[in-house]
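Asker: Test case, fold it:
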Amino acid sequence: MSTTERPRILVVGGGYVGLYAARRILKKMRYAEATVTVVDPRSYMTYQPFLPETAAGSISPRNVVVPLRRAVPGAEILTGRVTTIDQDRKVATVAPLVGEAYEVPFDYLVIALGAVSRTFPTPGLAEVGIGMKGVEEAIGLRNHVLEQLDKAESTNDEEIRRKALTFVFVGGGFAGAETIGEVEDLARDAAKFYKNVKREDMRFVLVDAADKVLPEVGPELGTYGRKHLESRGIEVYLKTTMPSCVDGHVVLSNGLEVDSNTVVWTAGVKPNPALARFGLPLGPRGHVDTQTTLQVQGSDYIWAAGDNAQVPDLVGREAGNPNAWCPPNAQHAMRQAKVLGDNVVSGMRGFPQKDYKHANKGAVAGLGLHKGVAMIVMGKMKIKLKGRLAWYMHRGYHGLAMPTWNRKIRVIAEWTINMFQKRDITALGALETPREEFYEAAKPAPAPAAAEAPKVEEKAKAS
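Answerer: Here you go, the predicted model:
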């Protein structure tokens, strides 16, 4: 037992699994049965499926994040990072945003660190690339794209214009296809308010090493999605990689070379590398190896789920695939979190654990305003939708899945208002350096030029 009066359940990570698991545990627990502590570098959870719409300005950034203290009022929220875990002592070391690191004892542990962008040692990528894993990146992408239109409008240099109006997206899965669809919509609408920038002046390029776009919705809808993007003037290059993008000079493996100020990287995710420091059993790709009960292999007091976990897919294995694992998506993460929460409470009380088993219910993807694809699985029947109806399914599903009624209502209200209002095209790039103008005004005035001194001496001699 820990040194606290009540046992402590430590949740490492406040994303999908961390938020939903903590809520489930608190719901199932008796009053004062245990202390639930959630540790995350951010004090909020980001609903990532809405990031493309945030980048396009369809949803305000504040409405795609859920404050942990409000969503999980009964939990202790620590803003910081868990740097090490001592399983023998049952102690985690937490490094807060400011101040010295300290130890937090625990009795039960939930690993919910999620995933980070999967990158490669591509020359120039770290300097010019833009990710799409957080709300900060979505805001930055929106401001960046609109600033490129401003640059193009305000210069006579054709090379600068061409580089500003070329947008390269790497990755053709959900994140890449949805983001380029939404951003192209944003740029197309914004161009209506510029005199010297037209949609025909812009170049959108989508690159993927795979042979298809949107593999999550199946080959038929994936082909439709690719053709739809191409019909909007987006160049799609499959079986293609990006070996280099130094200083925005993008070189593709198919021989194409373009200069661009905008390189958006959405080429998949990988488990959080911090897992390697926790002494947990990891799979071949760095995921925490778990049982079907979501308990970590070899442990009866540690659970893991979501993007950082290697969870056996019982439905796939029953269908004849002995190596089936649950894919890292929000659909599984939210459902795993509920089973995990129940199992933590059961484990605390000495009751048997429950297996996680979930059949795929389908997938939905938005490709811009009133455009999308959807595959709904109902038993052995698959319903495939395209266009506006699929877009409604996309918004309906994610609108309901958004945590807390506060955020659901805000998002739906924004959608409703946007039906009657034109898209906002304000770029707030100064948000990234809010103190710059004040700093320039407050710094000391420069000293008089040294060249004035000889003139004073000459006057003295003359007198």
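
Asker: tell me the centre residue of the chain?
Answerer: Ranked by distance to the mean C-alpha position of the chain (C-alpha atoms, centre = their mean), the top residue is Lys133 at 2.1 Å.

Asker: quick one: that residue and Lys270, what's the gap?
Answerer: Applying C-beta to C-beta, to the nearest Å, one obtains 11 Å for the distance of Lys133 from Lys270. Quick note: C-beta positions are derived from backbone N, CA and C, even for glycine.

Asker: which residues are common contacts for these two?
Answerer: Overlap of the contact sets of Lys133 and Lys270 (by C-beta atoms under 8 Å, 6 or more residues apart in numbering) consists of Ala115, Val116, Ser117.

Asker: Can you tell me who the first one pairs with across the strands?
Answerer: Listed by DSSP bridges, the beta-bridge partners for Ala115 are Pro271.

Asker: Could you check how far it is from Gln148?
Answerer: Applying C-beta to C-beta, the value for Ala115 to Gln148 is 29 Å.

Asker: picking that back up, for the nearest residue to the residue nearest to the centre of the chain once chain neighbours are set aside, give its distance to Thr179.
Answerer: Of all residues not flanking Lys133 in the chain, Ser117 sits nearest, at 5.5 Å (C-beta to C-beta, 6 or more residues apart in numbering). In this structure, Ser117 lies at 13 Å from Thr179, with C-beta to C-beta as the measure.

Asker: who touches both of those two?
Answerer: Taking C-beta under 8 Å, 6+ apart as the contact definition, Ser117 and Thr179 share the neighbouring residues Thr266.

Asker: Which one's more surrounded, these two?
Answerer: Ranked by neighbour count (other C-beta atoms under 10 Å), Ser117 and Thr179 place Thr179 first, with 25 against 18.

Asker: Next up, the contacts around the residue nearest to Lys133.
Answerer: For Ser117, the contact set (C-beta under 8 Å, 6+ apart) comprises Gly131, Lys133, Trp265, Thr266, Ala267, Gly268, Val269, Lys270.

Asker: Can you add pLDDT, secondary structure and distance to Lys198 and give those residues back as TSV?
Answerer: Formatted as TSV, these follow (pLDDT from 0 to 100; DSSP: H, G, I helix; E, B strand; the rest coil; distance: C-beta to C-beta, whole Å):
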residue	pLDDT	secondary structure	distance to Lys198
Gly131	92	coil	29
Lys133	90	coil	32
Trp265	95	strand	27
Thr266	93	coil	27
Ala267	89	coil	30
Gly268	81	coil	34
Val269	85	strand	36
Lys270	88	strand	39
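
Asker: Among those, which one sits closest to Glu216?
Answerer: Of all those, Glu216 sits closest to Gly268, with 12.0 Å by C-beta to C-beta.

Asker: ok, how many other residues are close to the closest one?
Answerer: Neighbour number of Gly268 under other C-beta under 10 Å is 17.

Asker: Run a quick neighbour tally on the residue lying closest to it once chain neighbours are set aside.
Answerer: Distances taken as C-beta to C-beta, 6+ apart put Arg118 closest to Gly268, at 4.3 Å, once the chain neighbours are dropped. By the other C-beta under 10 Å criterion, the neighbourhood of Arg118 contains 14 residues.

Asker: hang on, isn't Arg118 packed against Trp265?
Answerer: No. Counting by C-beta atoms under 8 Å, Arg118 does not reach Trp265; the two are 9.1 Å apart.

Asker: what's near enough to touch the residue nearest to Gly268?
Answerer: Listed by C-beta under 8 Å, 6+ apart, the contact set of Arg118 reads Ala267, Gly268, Val269, Lys270.

Asker: how close does the last one sit to Met402?
Answerer: By that I understand Lys270. Lys270 sits at a distance of 26 Å from Met402 (criterion: C-beta to C-beta).

Asker: Those two: which is more packed in?
Answerer: Using other C-beta under 10 Å as the criterion, Lys270 and Met402 rank with Met402 on top: 22 against 16.

Asker: Which pLDDT does the model give that one?
Answerer: In this model, Met402 is scored at 91, pLDDT.

Asker: Kindly report the same for the one 10 residues further on.
Answerer: Looking at Ile412, its pLDDT stands at 94.

Asker: need the strands for the stretch 151-300 of the chain, in chain order.
Answerer: Assigned strands in the stretch 151-300 of the chain, in chain order: 166-170, 203-208, 234-238, 249-251, 257-259, 262-265, 269-271, 288-289 (criterion: DSSP state E, counting those that start in this stretch).

Asker: rewinding a little: between Ala115 and Gln148, which has more neighbouring residues?
Answerer: Counting neighbours by other C-beta under 10 Å for Ala115 and for Gln148 shows that Gln148 has the greater number, 23 against 18.
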